[in-house]
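Student: One predicted model, sequence on top.
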Amino acid sequence: MRKKIVAGNWKMNTTLQEGVALAQGLKEALAGKKVNCDVVVCTPFISVASVVEAVKGSVIGVGAENCADHDKGAYTGEVSASMVASTGAKYVILGHSERRQYYGETNEMLTTKVGLALENGLTPIFCVGEVKEERENGTFKAVIEGQMKALYGLSKEDFSKLVIAYEPVWAIGTGLTATSDQAEEVHAFIRESIAKVYGKEVAEETSILYGGSCKGSNAPELFAQPDIDGGLIGGAALKVDTFMPIIEAWK
Ligand code: PEP
């Protein structure tokens, strides 16, 4: 049975103190509750180590939102996968559309980043998704297939360690959510694409999360789809009160 996951992406929000308080609040809200999915928070680099400490003894896993495409050296301002792993974090979001769009991340860079994350024992949450124009002109599946190709040089064993997130760019932070049918269509397409490269068994075991204005009100319908295994959550992950109902959507 593949894992169900609800992961928060805090983006460039929260100071160190605010981040620790948010993590502590989430830990308290989850304490003693039966949780039916893995819960992850991916935080700004500055908070990762402190959030790892703050959530100790809880079910919450911690991740970063990016890592460098180099292992170490003269790359001022960058943070490597080994540095992320040294905090005790277990996850890293890679290929988020904001990284692709604003920081020019290419498939080649992402292949390198995924490799470094895996070498350092991190689970990449690898994002794919089309922009509005690609949805409207019908090229979205080809675009997503092209993004997935960044991963297809991995061995079967390494690919099996990944989590994929389908995030239609037109739905991120816009309040526009893909309908559950639109999301399911793409999730099933991604699973088929994985099956063609790695076989049905690997495809069936790969968790594919939906991201894009997911909230407590639409999570139950999205998560009821057969190929949607959870969510990558931006805005609604910034408050315990809005994040918890998404976690609780896994009954
Ligand atoms: C995201 O950035 O990963 C995301 C899904 O954001 P939001 O939930 O705010 O649309």
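Tutor: On my side now, so go ahead.
Student: The protein: helices as residue ranges?
Tutor: Secondary structure of the chain by DSSP state H: the helices cover 16-30, 45-54, 81-86, 97-103, 107-119, 132-136, 140-148, 156-159, 180-198, 200-205, 219-223, 240-247.
Student: Now the shortest one: average pLDDT?
Tutor: If I follow you right, that is helix 156-159. Helix 156-159 shows an average pLDDT of 98 in the prediction.
Student: and if you look at the fourth one?
Tutor: Along helix 97-103, the predicted confidence averages to a pLDDT of 97.
Student: That helix near the ligand anywhere?
Tutor: No - applying CB under 6 Å from any ligand atom, one finds helix 97-103 separated from the ligand by no less than 6.8 Å. In this view, the C-beta of every residue, glycine as well, is placed from N, C-alpha and C.
Student: can you pull the buried residues of that helix?
Tutor: 97-100 (16 or more other CB atoms under 10 Å).
Student: Give me the contacts around that helix.
Tutor: 11, 66, 105-106, 127, 129, 131, 167, 169, 172 (CB atoms under 8 Å, 6 or more residues apart in numbering).
Student: now with 6 Å?
Tutor: Applying CB atoms under 6 Å, 6 or more residues apart in numbering, the external contacts of helix 97-103 come out as 66, 105, 129, 169.
Student: Dump those into TSV; add neighbour count and distance to the ligand as well.
Tutor: Output for these, formatted as TSV (neighbours: other CB atoms under 10 Å; distance: CB to the nearest ligand atom, whole Å):
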residue	neighbour count	distance to the ligand
N66	22	12
E105	20	14
G129	27	9
V169	22	9
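Student: hmm, back to that, need the helices of the chain in JSON lines (columns: distance to Y75).
Tutor: Output for the helices of the chain, formatted as JSON lines (distance: least, CB to CB, whole Å):
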{"stretch": "helix 16-30", "distance to Y75": "23"}
{"stretch": "helix 45-54", "distance to Y75": "14"}
{"stretch": "helix 81-86", "distance to Y75": "11"}
{"stretch": "helix 97-103", "distance to Y75": "14"}
{"stretch": "helix 107-119", "distance to Y75": "12"}
{"stretch": "helix 132-136", "distance to Y75": "32"}
{"stretch": "helix 140-148", "distance to Y75": "24"}
{"stretch": "helix 156-159", "distance to Y75": "24"}
{"stretch": "helix 180-198", "distance to Y75": "31"}
{"stretch": "helix 200-205", "distance to Y75": "33"}
{"stretch": "helix 219-223", "distance to Y75": "38"}
{"stretch": "helix 240-247", "distance to Y75": "33"}
